[in-house]
Every structure is written in structure tokens, then in C-alpha cells.
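Peer 1: Following is a predicted model, sequence given first.
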Amino acid sequence: MARKSIPSNDSLIPSQPIPAEARAPQGMDEIFDQIVARLYNLASMLVGEGEDSVKLVETALANAEVSVCQDPIKARQSNRQALAAAALGILEERNPGCLAAPQGLEPAGTCIEDDDLEAAGVSGEELERMIAGPDRDRVRNWLASLPPALRTIFVLRAVAGFSAAETAALLQSHGGPQAAAWTADAVRVLFRQGLCSLASQLLQASTAR
């Protein structure tokens, strides 16, 4: 049976607190709770808030190749890769072709020439605070306005921290038949478009205050 359509704007970033079923089991330490919460936030930005995001967190924790005790950095990367792979499968199942690789994409002049988050005037830590803080509604609505492929690339690069090559590989492997032609260069072009859109949102917010 086909999954329901993409969630509404209101579900792209979860309300606080994180659902109980997505939290770490009772007795686990605070660090693990934070890992689970961040994974849920990442999942919700990719597929929307709710049952699918909870299942993605469970998948990520079950499929991670490295335990937190062995190497926290590698564990976080492994968790995010497992979550992202499963999330792309959900998006493709809901809306086949939504992650299709662009045809004949030419590098276009944008307001930002570098595919780095800070080129938009915000660091990864600042973006995370925006997502969780008082500006979360504005960020949520902005993310919801992006086309699925652009939103997915932005989240994988800016929030999950994947490189252009890693993002392209995830799309090729898990984004469905029409995503097989994604390249790192195409990811960079779309990510710069997302950064320009974000920079515009930040400028509007600063002039409105």
C-alpha cells in the first residue's frame, strides 16, 4: 500500500518535547538521549514528524556499524548514514521520482559561489539553534517551501553534515531508479541554491526586526 503524501508544513520540524518512543530507554545517559533527539530532529526534517521518524531513529541505532562507546564521531556518522538511507527510501516510496536527478543541469550563477553553510552567513551550530529556538516556525516554513530534492540535499549537507560526494552516493543508492544519475557537482549546484534561499530568509528576518 502506498504511503500517505508528504507531511504538511507543520510537521517538518518536531514540536518539543521529542515523543517518548523516540527517546533513549530509561537509565541511558544524557549523551545518548541527545543523540536520539538529534536523530529524531534530522529524521523529521527529511520525512516529517511522527511514526516514520521514530522508526528511522530505531533503524539508525540498530544499523549503525560503530558503537558510541568505541568512537562517538564514527558512531554519529554511521547513525546518520543509516537514517538518511532509510529516509530516502521513504521519500521515494511516498512520491516516486521526487528525488530524480536533474537533467542537463548547468552550473548557474547564484548569490553564493561556495557550497559551504557559512557562506550563507550562518554556522552549523547557529542553524541548529535556529531549528530548535524561537525562529523554528520560520525555518520550518522555509524548509517546507523547498522542492523535495532541494530540501533533502540541504538537510543532508547542512544538518547531517555529509559532503557533496557522500550526498550524491546516498541519493544514487537509495533515492530510487531516477536518482541514479546524481553527481557531486549536481548536489553542489542545488546546495548553493538552498544556501541562497537561506541567506535571503536571514536577510528578511534581520530587516524585519
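Peer 2: That came in fine, so what should we check first?

Peer 1: which residue ranges form the helices in this protein?
Peer 2: With DSSP state H as the criterion, the chain has helices at 30-47, 51-63, 72-94, 124-132, 136-145, 148-154, 164-174, 184-208.

Peer 1: Give me the pLDDT for S78.
Peer 2: According to the prediction, S78 has pLDDT 86.

Peer 1: hang on, the earlier thing: any chance of the helices of the chain in JSON lines, plus mean neighbour count?
Peer 2: In this view, the C-beta of every residue, glycine as well, is placed from N, C-alpha and C. Formatted as JSON lines, the helices of the chain follow (neighbours: other Cβ atoms under 10 Å):
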{"stretch": "helix 30-47", "mean neighbour count": "21"}
{"stretch": "helix 51-63", "mean neighbour count": "19"}
{"stretch": "helix 72-94", "mean neighbour count": "20"}
{"stretch": "helix 124-132", "mean neighbour count": "15"}
{"stretch": "helix 136-145", "mean neighbour count": "17"}
{"stretch": "helix 148-154", "mean neighbour count": "22"}
{"stretch": "helix 164-174", "mean neighbour count": "20"}
{"stretch": "helix 184-208", "mean neighbour count": "18"}
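
Peer 1: List just the one of those helices that sits closest to P102.
Peer 2: helix 184-208 (6.0 Å; Cβ to Cβ).

Peer 1: if we can go back for a sec, weakest of the helices of the chain in terms of mean pLDDT?
Peer 2: Ranked by mean pLDDT, the helices of the chain end with helix 124-132 in last place, scoring a mean of 69.

Peer 1: for the helices of the chain, which one sits closest to A101?
Peer 2: Across the helices of the chain, closest to A101 is helix 184-208 (Cβ to Cβ), at 6.4 Å.

Peer 1: Now do that closest one against helix 136-145, angle only.
Peer 2: Note on geometry: by axes from the mean of the first three to the mean of the last three Cα atoms, to 10 degrees, helix 184-208 and helix 136-145 are set 140 degrees apart in direction.

Peer 1: So which of the helices of the chain is nearest Q103?
Peer 2: Shortest distance between Q103 and these, using Cβ to Cβ, is found for helix 184-208: 10.1 Å.

Peer 1: Run through the neighbouring helices and strands of the closest one.
Peer 2: If you count contacts as 3 or more Cβ pairs under 8 Å, 6 or more residues apart in numbering; DSSP states H and E, helix 184-208 packs onto helix 136-145, helix 148-154, helix 164-174.
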